[in-house]
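Colleague: Sequence and predicted structure below; questions after.
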Amino acid sequence: MESLPHLSVTIIGSGFAALSAIKSLRQQSPRCQIRVIAPKAEFTYLPSLIWIPSGLRRTKDIQFSLEHFFRRQRVEFIAAEVTGLSDDGRTIFTNNGVFTNEALIIASGGRFLKKLPGIAHTITPCEGLKAAKEIRQRLLEMSGGRIAIGFASNPDEPSAMRGGPMFEFLFAIDAQLRREGRRDKFQLIFFNPAAKPGQRLGDKAVTGLLSEMKNRNIDTHLGYKLKGFTNHKVVTEGGDIEADLILFMPGMTGNLWFDNSKLPRSSGGLLQGDRYCRVPGFERVYVVGDSGSFPGPDWMPKQAHMADLQARTAVTNLLAKLRGESVQQTFKVELVCIVDGLNSGILVYRDPHRALILPASPLWHWAKRLFEWWYLRDIRY
């Protein structure tokens, strides 16, 4: 296999999709040049944010400098925020200069829609460590009260959402309060505009998750459109939910800099990608992870595992194109999720042929922790 030693590939982003693209490029073309553009040479293992409020994880456990990783992978890192794109993707504008590329992989993630009135009164857990630590502090300060936890999607792109982590925060907070002996002083309410939240996980999973809420004495407010928030209320068309703490995950859309490019967009504001991860109409421009809108089943997830699969596909096809070979690799559509509850977890799996859910067990909690170690083993140092 030709290693294309003079090839220069630029990757925008430093999250799951970007790191998988880097590793795949190094494996498939050891001598190629790799440039990464991102605001910081830093990585946060987002799946473990759910363990911050309980103290099971701290900042040092899940957030790392990428300097050593970039050095080992022979990556040129540019600390910058991308502001636009021109010349059919060959020129990248940033707040730290203008850069050109021979091939481009866009892995810059998505952006949460913050359009609902009063959304500033909520905490968006997956925004990062700051949000997770704020949840921890708020829980420490509360002697009791009502906690409302929910999520929504992008109305123009229903698949652009992250519901799984909100189920995890819900169950983990329940378990934490029980562990602390003060669950009886709190009321937990789960809200969602869908009557069957988490439908992308499959019907069995929805039934299982709602059953788990009932078993844990968690109230639900489902099937009513969200109208907004106040300091102590979730406002819906089906009535208001009084709450002392509101955790809310809005739907996702594309990065602001997409507006300063001619890249094709989906109705929900993401970049259009085909089943080979190519951006249609743009030579040697690929999109992976949360930045993209891809053909496939409506349950195709926005999660790290899917981003990894797309990143490897993009790299394989990009290198094939540069070698003059046909582009044939498509990404596997697969949902793998352990809905963790701090001391046990529920395994959910779905592919085009089957969907299954395995009951809550400590085994899945430890499997999630083992995968965290496995994933981070070559990034930490």
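Modeller: Noted; the coordinates are in hand.
Colleague: Residue 137: how many residues sit nearby?
Modeller: Residue 137 has 10 neighbours, counted by other CB atoms under 10 Å. Quick note: C-beta positions are derived from backbone N, CA and C, even for glycine.
Colleague: roughly how far apart are it and residue 321?
Modeller: As judged by CB to CB, to the nearest Å, residue 137 and residue 321 stand 49 Å apart.
Colleague: One more: residue 267?
Modeller: Distance from residue 267 to residue 321, by CB to CB: 28 Å.
Colleague: Same check on residue 124?
Modeller: 38 Å.
Colleague: coming back round to it: which one of residue 267 and residue 321 is surrounded by more residues?
Modeller: More neighbours surround residue 321 than the other of residue 267 and residue 321, with 17 against 10 (other CB under 10 Å).
Colleague: helix or strand for that one, which one?
Modeller: For residue 321, the element it lies in under DSSP states H and E is helix 304-322.
Colleague: In the stretch 201-350 of the chain, what residue spans correspond to strands?
Modeller: Secondary structure of the stretch 201-350 of the chain, counting by DSSP state E, counting those that start in this stretch: strands at 219-222, 226-230, 233-236, 239-242, 245-249, 252-253, 271-272, 285-287, 292-293, 335-340, 345-350.
Colleague: Point out the most buried one among those strands.
Modeller: Highest mean neighbour count among the strands of the stretch 201-350 of the chain (mean count of other CB atoms under 10 Å): strand 285-287, with a mean of 28.
Colleague: Make JSON lines from the strands of the stretch 201-350 of the chain and add mean pLDDT to it.
Modeller: Below are the strands of the stretch 201-350 of the chain laid out as JSON lines (pLDDT from 0 to 100):
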{"stretch": "strand 219-222", "mean pLDDT": "97"}
{"stretch": "strand 226-230", "mean pLDDT": "97"}
{"stretch": "strand 233-236", "mean pLDDT": "98"}
{"stretch": "strand 239-242", "mean pLDDT": "97"}
{"stretch": "strand 245-249", "mean pLDDT": "97"}
{"stretch": "strand 252-253", "mean pLDDT": "94"}
{"stretch": "strand 271-272", "mean pLDDT": "97"}
{"stretch": "strand 285-287", "mean pLDDT": "98"}
{"stretch": "strand 292-293", "mean pLDDT": "96"}
{"stretch": "strand 335-340", "mean pLDDT": "93"}
{"stretch": "strand 345-350", "mean pLDDT": "93"}
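Colleague: in the stretch 1-150 of the chain, which spans are helices?
Modeller: When assigned using DSSP state H, counting those that start in this stretch, the helices of the stretch 1-150 of the chain occupy the ranges 16-28, 59-62, 67-72, 129-141.
Colleague: Now do the contacts for the closest residue to residue 274 other than its chain neighbours.
Modeller: Among residues not flanking residue 274 along the chain, residue 280 sits closest, at 6.0 Å (CB to CB, 6 or more residues apart in numbering). Residue 280 makes contact with 264, 272, 274 under the criterion CB atoms under 8 Å, 6 or more residues apart in numbering.
Colleague: Buried deepest among the helices of the stretch 1-150 of the chain, which one?
Modeller: helix 16-28 (a mean of 23).
Colleague: got the domain boundaries for the protein?
Modeller: For the chain, automatic domain parsing gives the domain ranges 8-110+254-322, 120-251.
Colleague: Need the pLDDT of residue 160.
Modeller: Predicted confidence (pLDDT) for residue 160: 85.
Colleague: Just confirm it contacts residue 293, I think it does.
Modeller: Yes. Between residue 160 and residue 293 a contact is recorded at 7.5 Å, counting by CB atoms under 8 Å.
Colleague: list the residues that contact both of the two?
Modeller: Joint contacts of residue 160 and residue 293 (CB under 8 Å, 6+ apart) are 268, 270.
Colleague: Below-threshold pLDDT in the chain: ranges please.
Modeller: 1-6 (pLDDT under 70).
Colleague: Find the centremost residue of it, please.
Modeller: Residue closest to the mean C-alpha point of the chain, counted by CA atoms, centre = their mean, is residue 303 at 4.8 Å.
Colleague: quick one: that residue from residue 110, how far?
Modeller: Counting by CB to CB, the gap from residue 303 to residue 110 is 12 Å.
Colleague: where do the contact lists of those two overlap?
Modeller: In contact with both residue 303 and residue 110: no residue, using CB under 8 Å, 6+ apart.
Colleague: circling back: export the contacts of residue 280 to CSV and tack on distance to residue 58?
Modeller: Formatted as CSV, the contacts of residue 280 follow (distance: CB to CB, whole Å):
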residue, distance to residue 58
264, 42
272, 39
274, 41
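Colleague: thinking again about what came up before, show me the one of the domains of the chain that comes nearest residue 333.
Modeller: Of all the domains of the chain, it is domain 8-110+254-322 that lies closest to residue 333, at 5.0 Å by CB to CB.
Colleague: and of the helices of the stretch 1-150 of the chain, who's closest to residue 155?
Modeller: Minimum separation from residue 155 across the helices of the stretch 1-150 of the chain (CB to CB) falls at helix 129-141, 23.2 Å.
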